[in-house]
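K.L.:
Make a model of this:
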Amino acid sequence: MRKIITVLLLCFCIAGCAGSDQDASADVLRVGMECDYAPFNWTQVEDSDTAVAISSVDYADGYDVVIASMIAEKLGMEVEIVKTDWDSLIPSLNAGAIDCIIAGMTETPDRAEEVNFTTPYYESDMVIIVRKDSVLTGISDIQELKGYKVLGQSNTTYDEVIDQIEGVVHMVPLSTYPRMVLSLQAGEADAITAELPVANGVVSANPDLTIVTFEEGKGFIVDTSVSIAVAKENTELLEAIQGALNEISDAERLSIMEAAVGRQPAVGE
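P.N.:
Residues are numbered from 1 along each chain as shown. Below you'll find the model as predicted:
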């Protein structure tokens, strides 16, 4: 398998990496993520057992970082985390600047036309986060958000699902999740959408906020699973990553997420 991956990555580098600022290596798995989406991924200044350096002064950590490190180890490779803006992840992958995306990304029909995906490496529920002093803390149906200002992240399902609420004030989405949290705390938004692990991390770091879940059949209709993306032509790497992912049990994945939620930094740190 190592020889297959080596040949694959070398060919991929020759065919697709011309003009990239980074040199592809058969021994390195370059993984793109925002490093700004806790607990899946974030940036910190301290090194740790789970962190990976992304510059001379910064490190990436989080659920995605640990999963990426485990996959790279199983493939006999070193992991390199490439900090990339959300909107640039798929273009960077297809340009050969990174080998895969592990960034809390949900497979959608539009994205599947551009890249290939593994099976999900985490699944959760869609909830909202509100201020603890909000009248929205007691709602159980998304339609009770009618007339309220709800905010999502641009170019994600977090923003798309808001239109399922009749009469909602759909705010202009923001580019990063920390900015969304700050908007909520400032009173600009009444609620922000979130996957449950993200919401758990946000409220654990921000005691002024709380999570609202919904009764069965009264929540958002959305796929909240997240998968790993690989370039269309890189089918052997996709198979290799899928094989490595299959070796990580559901119990391990849950434990990794719980640990990431427990150590993530507060918004603004």
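
K.L.:
can you give me the helices in this structure?
P.N.:
Here the chain has its helices, by DSSP state H, at 2-16, 63-74, 89-95, 109-114, 157-160, 177-185, 196-205, 235-246, 250-263.

K.L.:
Tell me which of those lies nearest to Ile129.
P.N.:
Across the helices of the chain, the minimum distance to Ile129, taken as Cβ to Cβ, is reached by helix 196-205, at 5.3 Å. In short, each C-beta sits where N, CA and C put it, glycine included.

K.L.:
Report the buried residues of the closest one.
P.N.:
Leu196, Pro197, Val198, Ala199, Asn200, Gly201, Val202, Val203, Ala205 (16 or more other Cβ atoms under 10 Å).

K.L.:
Dump those residues into JSON lines; add distance to Ala240 as well.
P.N.:
Formatted as JSON lines, those follow (distance: Cβ to Cβ, whole Å):
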{"residue": "Leu196", "distance to Ala240": "30"}
{"residue": "Pro197", "distance to Ala240": "26"}
{"residue": "Val198", "distance to Ala240": "28"}
{"residue": "Ala199", "distance to Ala240": "33"}
{"residue": "Asn200", "distance to Ala240": "32"}
{"residue": "Gly201", "distance to Ala240": "30"}
{"residue": "Val202", "distance to Ala240": "34"}
{"residue": "Val203", "distance to Ala240": "37"}
{"residue": "Ala205", "distance to Ala240": "35"}
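
K.L.:
Mind putting those into a markdown table with pLDDT and distance to Glu215?
P.N.:
Below are these laid out as a markdown table (pLDDT from 0 to 100; distance: Cβ to Cβ, whole Å):
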| residue | pLDDT | distance to Glu215 |
| --- | --- | --- |
| Leu196 | 92 | 15 |
| Pro197 | 89 | 21 |
| Val198 | 90 | 21 |
| Ala199 | 93 | 17 |
| Asn200 | 90 | 19 |
| Gly201 | 86 | 24 |
| Val202 | 91 | 22 |
| Val203 | 92 | 20 |
| Ala205 | 86 | 27 |
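
K.L.:
now, among these, which is nearest to Asp27?
P.N.:
So of these, ranked by how close each gets to Asp27 (Cβ to Cβ), first place is Pro197, at 31.5 Å.

K.L.:
now the end-to-end length of stretch 28-41.
P.N.:
Taking Cα to Cα, to the nearest Å, stretch 28-41 runs 19 Å from one end to the other.

K.L.:
how does this protein divide up, domain by domain?
P.N.:
2-122+225-263, 126-212 (automatic domain parsing).

K.L.:
Redo those domains as a markdown table? Include distance to Gly219.
P.N.:
As requested, the domains of the chain are exported to a markdown table (distance: least, Cβ to Cβ, whole Å):
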| stretch | distance to Gly219 |
| --- | --- |
| domain 2-122+225-263 | 15 |
| domain 126-212 | 6 |
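
K.L.:
comparing those domains, which gets the lowest mean pLDDT score?
P.N.:
Mean pLDDT across these is lowest at domain 2-122+225-263; the value there is a mean of 88.

K.L.:
how about the nearest residue to Ala53, chain neighbours excluded?
P.N.:
Tyr59 (5.4 Å; Cβ to Cβ, 6 or more residues apart in numbering).

K.L.:
That neighbour - how many residues pack around it?
P.N.:
By the other Cβ atoms under 10 Å criterion, the neighbourhood of Tyr59 contains 20 residues.

K.L.:
same question, Lys232
P.N.:
So Lys232, with other Cβ under 10 Å, has 13 neighbours.

K.L.:
pretty sure it is touching Asn116, no?
P.N.:
Yes - using Cβ atoms under 8 Å, Lys232 is in contact with Asn116, at 5.7 Å.

K.L.:
Can you pull the residues that touch both of these two?
P.N.:
The overlap between the contact sets of Lys232 and Asn116 (Cβ atoms under 8 Å, 6 or more residues apart in numbering) is empty.

K.L.:
Spatially central residue in the protein, please.
P.N.:
Gly104 (2.2 Å; Cα atoms, centre = their mean).

K.L.:
Tell me which residues touch the residue nearest to Ala53, please.
P.N.:
Thr43, Gln44, Val45, Glu46, Asp47, Ser48, Ala51, Val52, Ala53.
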